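S.K.: sequence and computational prediction follow.
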Amino acid sequence: MNPDILKKDYPALSVISSLLSIIGVLIIIISIGGVIFGITLLDGYSTKQAGIIFIIASILCGLPFSLIFIGSSELIKLMVRIEYNTRAKDQKLIRVESNENPNRTISSDKSNSEYEEWKKLNPGKSINDFYAKKQR
C-alpha cells in the first residue's frame with residue numbers, strides 16, 4: 001500500500017494516528033525517566049520506599065498506556081489498509097468482468113422478464129434463488 005493513501009484519502013485519521021504514536025512514545029520516555037528517577041531515590045534510606053513505588057508505578061502505568069496508544073495508531077492504519085485492499089479487489093473484479101464480455105449490457109427489463117420466466121418454471125422459490133442460480 002502506498003503510505004500516502006492514508007494522508008490523501010483520510011487526512012484526519014492520518015493526524016490522529018500520528019498523534020497517538022507520538023503520545024505513546026512520549027509515555028515510554030516519561031516512564032523511562034520515572035524508572036531512572038526511582039533508581040536515584042533508592043540511595044537514601046528515607047526515600048527508598050518512594051523510589052520503589054516510583055519504579056513500579058512507572059513500569060505498571062507506562063507500559064500498558066504506551067501500548068494502548070501505539071496499538072490504536074496501528075489499528076487505524078490497519079483499517080485504512082483493509083479498506084484500500086478491499087476497494088482495489090472490487091475494482092479489479094469489475095475490470096475482469098467487463099473484459100470478459102465487453103458487449104454485455106445489463107438491462108433491468110431483461111432481468112425482470114428472465115425472473116418472471118424463471119418464476120413460472122420454479123414456483124415456490126425466491127428471487128434469491130434466481131440470482132444464486134444465475135451466478136453459477
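M.R.: That came in fine, so what should we check first? All values derive from a computational prediction rather than experimental measurement.
S.K.: can we go C-alpha only for contacts and neighbour counts from here?
M.R.: Noted.
S.K.: and whichever helix in the chain runs longest, how far from the chain's centre?
M.R.: Ranked by number of residues, the top helix in the chain under DSSP state H is helix 48-100. Relative to the chain's own centre, helix 48-100 is displaced by 7 Å; criterion: Cα atoms, centre = their mean, to the nearest Å.
S.K.: on contacts alone, who are the packing partners of it?
M.R.: helix 11-41 (3 or more Cα pairs under 8 Å, 6 or more residues apart in numbering; DSSP states H and E).
S.K.: any idea which residue is closest to the centre of the chain?
M.R.: The centroid of the chain falls nearest to Met79 when counting by Cα atoms, centre = their mean (1.6 Å).
S.K.: quick one: furthest residue from the center of the protein?
M.R.: Tyr45 (50.3 Å).
S.K.: so that residue, which state does it fall into?
M.R.: When classified by DSSP: H, G, I helix; E, B strand; the rest coil, Tyr45 comes out as coil.
S.K.: let's see the pLDDT reported for it.
M.R.: At Tyr45, the pLDDT value in this model is 74.
S.K.: so it versus Ile52, what's the distance?
M.R.: Per Cα to Cα, to the nearest Å, Tyr45 is found 12 Å from Ile52.
S.K.: show me the shaky parts of this structure.
M.R.: 1-6, 90-111, 136 (pLDDT under 70).
S.K.: now do the contacts for Val15.
M.R.: Residues counted as contacts of Val15 (Cα atoms under 8 Å, 6 or more residues apart in numbering): none.
S.K.: and it, how far is that from Lys77?
M.R.: 11 Å.
S.K.: what do you get for Tyr131?
M.R.: 36 Å.
S.K.: more neighbours, those two?
M.R.: Neighbour count, other Cα atoms under 10 Å: between Tyr131 and Lys77, Lys77 has more, with 18 against 12.
S.K.: pretty sure the more buried one contacts Leu20?
M.R.: No - between Lys77 and Leu20 there is no contact under Cα atoms under 8 Å: 11.4 Å.
S.K.: so what's the nearest residue to Ile53 once chain neighbours are set aside up against?
M.R.: Closest residue in space to Ile53, ignoring its immediate chain neighbours: Gly38 at 7.6 Å, by Cα to Cα, 6 or more residues apart in numbering. When contacts are counted by Cα under 8 Å, 6+ apart, Gly38 touches 50-55.
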